[in-house]
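**Student:** pasting the structure only:
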């Protein structure tokens with residue numbers, strides 16, 4: 001097979017991924033690591049991605065481990081959304097503990113690729129902190145719903 005024949009197959013594969021033809025929610029859950037609790041259900045995952053997209057466009061967001069940790073240490077609060085398919089686990093294993101100490105609600109979603117896409121970046125994102133929204137934020141109802149869902153989860157140690 002020549003290089004010209006192989007090229008169209010690669011581009012069609014990319015097109016199917018970008019058009020949402022990727023893995024289903026159930027397939028993504030299989031790749032989730034052990035500490036991913038509370039894990040958002042399918043409906044909540046869609047809400048979380050929608051909220052991240054709105055927060056990103058309104059600049060109410062911090063993306064990535066370093067930026068989120070810096071924000072938390074500066075006293076910012078809100079809702080943290082973590083990806084459940086992060087390996088090695090050491091990259092994010094300290095974040096839930098820090099969030100619990102600061103009493104910031106958090107929730108896991110199955111995919112770092114989807115979280116990165118929702119956060120308006122080309123790179124996969126392991127964690128996102130949505131800052132407490134100011135008045136007039138169009139995703140306020142989504143934010144409130146997800147915060148309530150995240151607060152329902154009480155760690156076993158408490």
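**Tutor:** Sure thing, it's come through. Source: prediction; values computed, not measured.
**Student:** show me the shaky parts of the chain.
**Tutor:** For the chain, applying pLDDT under 70 flags the ranges 1-21, 154-158.
**Student:** which parts of it are helices?
**Tutor:** 3-18, 25-29, 42-57, 65-73, 95-101, 112-118, 140-152 (DSSP state H).
**Student:** start to end distance for stretch 65-83?
**Tutor:** 11 Å (CA to CA, to the nearest Å).
**Student:** which residues touch that stretch?
**Tutor:** 36, 48, 51-52, 60, 62, 91-92, 95-96, 98-99, 102-112, 115, 124-133, 143, 146-147, 150 (CB atoms under 8 Å, 6 or more residues apart in numbering). Any C-beta I mention is one placed from the backbone N, CA and C, and that applies to glycine too.
**Student:** check which residues of that stretch are buried.
**Tutor:** 65, 68-69, 71-72, 78-83 (16 or more other CB atoms under 10 Å).
**Student:** out of the helices of the chain, nearest to residue 87?
**Tutor:** helix 112-118 (9.8 Å; CB to CB).
**Student:** that closest one packs against which elements?
**Tutor:** Applying 3 or more CB pairs under 8 Å, 6 or more residues apart in numbering; DSSP states H and E, one finds that helix 112-118 contacts helix 42-57, strand 78-83.
**Student:** could I get those as CSV with distance to residue 139?
**Tutor:** Output for the helices and strands packed on helix 112-118, formatted as CSV (distance: least, CB to CB, whole Å):
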stretch, distance to residue 139
helix 42-57, 4
strand 78-83, 11
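**Student:** from the ones you listed, which stretch is densest packed?
**Tutor:** strand 78-83 (a mean of 25; mean count of other CB atoms under 10 Å).
**Student:** partner strands of that one, with direction?
**Tutor:** strand 106-109 (parallel), strand 127-131 (antiparallel) (DSSP bridges).
**Student:** which residues sit against the longest one?
**Tutor:** Outside of strand 127-131, the residues that reach it under the criterion CB under 8 Å, 6+ apart are 51-52, 55, 60-65, 67-68, 71-72, 76-83, 92, 95, 104, 115, 119, 143.
**Student:** if we use 7 Å, what do you get?
**Tutor:** 51-52, 55, 60-65, 68, 71, 76, 78-83, 92, 95, 115, 119, 143 (CB atoms under 7 Å, 6 or more residues apart in numbering).
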